[in-house]
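>>> give me coordinates for this.
(chains A, B and C)
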Amino acid sequence: MTRDEILKDLKNRFKDDIIEVVDRSAKRVYVEIKPESLKKVVLFIFKDLGARFNIASGMDDRDHMEILYHFILEEINLLVSLRVKLKKPNLEIESLAPTIEAVNWIEREINEMLGINFIGHPDLRRLLLPENWPQGVYPLRRDYKEWDPTAIRDRGVS
Amino acid sequence: MGVKLKALLKSPWVFHMATGSCNNCDIEILDCLTPRFDVERLGILLAGSIKHADILLVTGSGNRQSMERVKRLYEQVPKPCLVVAIGECALSRGIFIDSYNCPLPIDKVIPVDVYIPGCPPRPEAIIAGIAKLIEKVKSKA
Amino acid sequence: MKTIVPIGPYHPLQEEPEFFTLTVEGEKIVSVDVQVGYNHRGIEKLSEMKTYDQSTFVVERICGICSTSHPFAFVQAVEDIAQIEVPERAKYIRTIIGEGERIHSHLLWLGLAGHFLGYNTVFMWAWKLREEILDVMEILSGNRNNYGMFKPGGVRRDIKAEDIPMVLKKIDSILPTLDMLKKAVLDDPVLQARTKGVGILTKEAAINYSALGPTARASGIKRDVRKDSPYAAYDRVQWDMIVTQNGDVFDKLVLRVLETFESVKIMKECLLTLPPGEIDANLKTIPPGEGIGQHEAPRGECFHYVKSDGTNRPVRHKIRAPTFMNLPTYKSTVINQTISDVTIILAAIDPCYCCTERISVLDTKGTKLYGGEDLVRLSQAKTERLRKEMGVK
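Reported below is the predicted structural model:
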């Protein structure tokens, strides 16, 4: 299938789920979808179109959190990024880890870094942060402040 | 000089700990062991276990999780032991000074005897640093 | 009886700390879990505090072995936001640096793999050869590692015409030794016995885990960003993608050795056909928007996502290193293998924890405790035994 056919097919198949399609350049397409239809769109792209899962990236914006799921269609060299916006304070989304192994670790990472809850994740432990990191402090949020009074941020020279 | 220190400096065995480094310093340490630099001819040997070590080589920016282990490992080393901080991160945390996961420089957690700067220090610099350490201990004793 | 074998976090297996928990029944591995986080430095957050030019240096310090891969991907992400083309000469220089890094990284891995299998000669030879490549990189960039060559819009430093003959001579001089190493490693019957059929990653599993780079290519998947989505000068030179079919450790070994030769080929051709001209597109302001950069690092695809709001600092910078996708494959490769093969299987993906984590003793009642050192010893002892059985000296 060519690039245009795939995009057309996507738009037809998920016309109720897609909010916006941004055709950025020959290699990049950003598709915003509704959070509740994430799973079926992802499964179609990953299983039926045979895309490779690159990674998901979470971002804290003023009134919402945003997760981008990046998929690459290697045959036609097209990067499809699915954008999901979660209104604060309801930071919950369905986990994809039970069906796609590759998503497992990144969901753990987003969970600890941004505090987004992935419902149905098999093993939502901390991945990178230490055990003595306080609960409810998320380093990648905009309102993150230094919580450790013992930390030294001074080189000792002026 | 006490007999313990003298024995320690004859053929110092080093143990290498990375505390959230970028790997570069660690590889330069390993490089010292390979044919071009070959520190084994000077009696310096990489020890596999902390219990056999005379000198600790610490690299990295002092990541929260690994510093807990470093403290524990430092307690396990047979004393007297010497600590060498290798690389800019181990000295002052370098570029990572503002990182939320690197709260303290290494010398605030364990005592450091010699600092080897560089990002990463060349193998020659590491060897020179160890040589300076041996000189320093000898002149003090 | 189930036994838990903790490895780490500080052990001589890898230079970097990480913690493996192996559950074994007799010699067989039943389950395995890895705990990372010993290298996490919060680079994604740090990058948001720095300007684009500074961020290039921060991402260079994600990992020392692939210290050019992250800047490579990052500058491409920034260029994707600005939608600019890099001058031709800069593209070639980038390719040369990227391939030089691949050669030294693969040699480094080959050495370590040799060490795990009890072939310390391979370790010494490979690392000695690697020094030659580091010399080449020093001539080209001024540094042994952390080259500092990249900037959004081009490269920082030009390659001087008078350096090229010397560099070519040096690259040619390593080829005979590399060839010798290839024959010595690949024709060794004991080494084949140790690695063939060990730690197989099936094609289906590789797809489900979205494995990358040599890990995927050894399982018969044609996956290489340099071919799939050509960038820099990779579509301007002749080279082949190496793909092997079995997915075991031996195939990964072969693949990396053969890939080294391809990298030498690319590097030489780029140096010989280096076009004249500018090396910098003078990128002054970054417009608002988002961009993605990909680069095929020695271990697989590096992926950087950058979002800009028009200021001189990124709003969000997501970094995904290849090991992040490759490491979870241990779940399917290690299970049901013997404990003496664990070291080489875990090493076969060429894990790089510094990249993965940008961002010791368990309850041993009635169990036997192995340290990482014992595992290396077990692995080396198995090679020794096989060597005797097969009558190889």
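>>> quick one: secondary structure of whichever residue of the stretch 251-393 of chain C sits closest to chain A?
Of all residues in the stretch 251-393 of chain C, residue C:318 sits closest to chain A, at 3.5 Å by Cβ to the nearest Cβ. In short, each C-beta sits where N, CA and C put it, glycine included. Counting by DSSP: H, G, I helix; E, B strand; the rest coil, the backbone at residue C:318 sits in strand.
>>> please identify the helix or strand for the residue nearest the centre of chain B.
Central residue of chain B (Cα atoms, centre = their mean): residue B:57, 1.6 Å from the mean position. Assessed by DSSP states H and E, residue B:57 sits inside strand B:55-59.
>>> ok, residue C:47 next?
Going by DSSP H and E, residue C:47 is in helix C:43-49.
>>> mind giving me the packing neighbours of that helix?
Under the contact definition 3 or more Cβ pairs under 8 Å, 6 or more residues apart in numbering or on different chains; DSSP states H and E, helix C:43-49 sits against helix C:52-60, strand C:314-320.
>>> contact partners of that helix?
A:113, A:139-140, A:144, B:95-96, B:98-100, C:55, C:58-59, C:61-62, C:313-319, C:358-359 (Cβ atoms under 8 Å, 6 or more residues apart in numbering or on different chains).
>>> same question for stretch B:21-30.
Residues from elsewhere that reach stretch B:21-30, judged by Cβ under 8 Å, 6+ apart: B:14, B:16, B:18, B:46, B:57, B:59-61, B:86-87, B:89-90, B:119-123, B:126, C:15-16, C:39, C:61-65, C:67, C:108, C:127, C:144-146, C:352, C:354.
>>> now the residues you listed: which count as buried?
Neighbour counting by 16 or more other Cβ atoms under 10 Å in any protein chain shown classes B:14, B:16, B:18, B:46, B:57, B:59-61, B:86-87, B:89-90, B:119-123, B:126, C:15-16, C:39, C:61-65, C:67, C:108, C:127, C:144-146, C:352, C:354 among the contacts of stretch B:21-30 as buried.
>>> tell me which of these fall in strands.
Members of those lying in strands (criterion: DSSP state E): B:14, B:16, B:18, B:46, B:57, B:59, B:86.
>>> you'd agree the fifth one is up against residue B:17?
Pointing back at residue B:57 there. Yes: using Cβ atoms under 8 Å, residue B:57 is in contact with residue B:17, at 7.0 Å.
>>> which SSE is residue B:68 in?
helix B:64-76.
>>> just the CA trace of that helix, in PDB.
Coordinates of each C-alpha in helix B:64-76 appear next as PDB, following Å, rounded to 0.1, in the frame of the first residue of the first chain:
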ATOM      1  CA  ARG B  64      20.600   8.300  44.100                       C
ATOM      2  CA  GLN B  65      20.100   4.500  43.700                       C
ATOM      3  CA  SER B  66      23.700   3.600  43.200                       C
ATOM      4  CA  MET B  67      25.100   5.900  45.900                       C
ATOM      5  CA  GLU B  68      23.200   3.800  48.500                       C
ATOM      6  CA  ARG B  69      25.100   0.700  47.100                       C
ATOM      7  CA  VAL B  70      28.400   2.600  47.000                       C
ATOM      8  CA  LYS B  71      28.100   3.500  50.700                       C
ATOM      9  CA  ARG B  72      27.400  -0.100  51.500                       C
ATOM     10  CA  LEU B  73      30.300  -1.300  49.300                       C
ATOM     11  CA  TYR B  74      32.700   1.200  50.900                       C
ATOM     12  CA  GLU B  75      31.900  -0.300  54.300                       C
ATOM     13  CA  GLN B  76      32.900  -3.700  52.900                       C
END
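>>> and it, which residues are buried?
Of all the residues in helix B:64-76, those buried under the rule 16+ other Cβ under 10 Å are B:64-70, B:73-74.
>>> of all those, which comes closest to residue A:2?
Closest approach to residue A:2 among these (Cβ to Cβ): residue B:65, at 48.2 Å.
>>> out of the helices and strands packed on helix C:43-49, which comes closest to chain B?
helix C:52-60 (5.7 Å).
>>> how about that closest one: buried residues?
C:52, C:55-60.
>>> check stretch C:198-206 too.
Using 16+ other Cβ under 10 Å as the burial criterion, the residues of stretch C:198-206 that qualify are C:198-201, C:205-206.
>>> repeat for stretch C:257-274
For stretch C:257-274, by 16+ other Cβ under 10 Å, it's C:257-271, C:274.
>>> stretch A:133-142 now?
For stretch A:133-142, by 16+ other Cβ under 10 Å, it's A:133, A:138-140.
>>> ok, now stretch A:52-69?
A:52-60, A:65-69.
>>> what ranges do the helices span in the stretch 151-300 of chain C?
Applying DSSP state H, counting those that start in this stretch to the stretch 151-300 of chain C gives helices spanning C:164-186, C:189-195, C:203-208, C:213-217, C:225-228, C:249-272.
>>> wait, is residue B:48 part of a strand?
No: counting by three-state DSSP, residue B:48 falls outside a strand, being coil.
>>> okay, now it: neighbour count?
19 (other Cβ atoms under 10 Å in any protein chain shown).
>>> and it, how far from chain C?
4 Å (Cβ to the nearest Cβ, to the nearest Å).
>>> and the residue of the stretch 51-200 of chain C that's closest to chain B?
For the stretch 51-200 of chain C, Cβ to the nearest Cβ, closest residue to chain B: residue C:64, 2.6 Å.
>>> tell me the confidence at the closest residue in space to that residue that isn't next to it in sequence?
Leaving out its chain neighbours, the residue that sits closest to residue C:64 by Cβ to Cβ, 6 or more residues apart in numbering or on different chains is residue B:24, at 2.6 Å. At residue B:24, the model reports a pLDDT of 86.
>>> ditto for residue C:4
Residue C:4 carries a pLDDT score of 79 in this model.
>>> next, the buried residues of the helix or strand that contains it.
For residue C:4, the host element (DSSP H and E) is strand C:2-7. Within strand C:2-7, the residues scored as buried using 16+ other Cβ under 10 Å are C:3-7.
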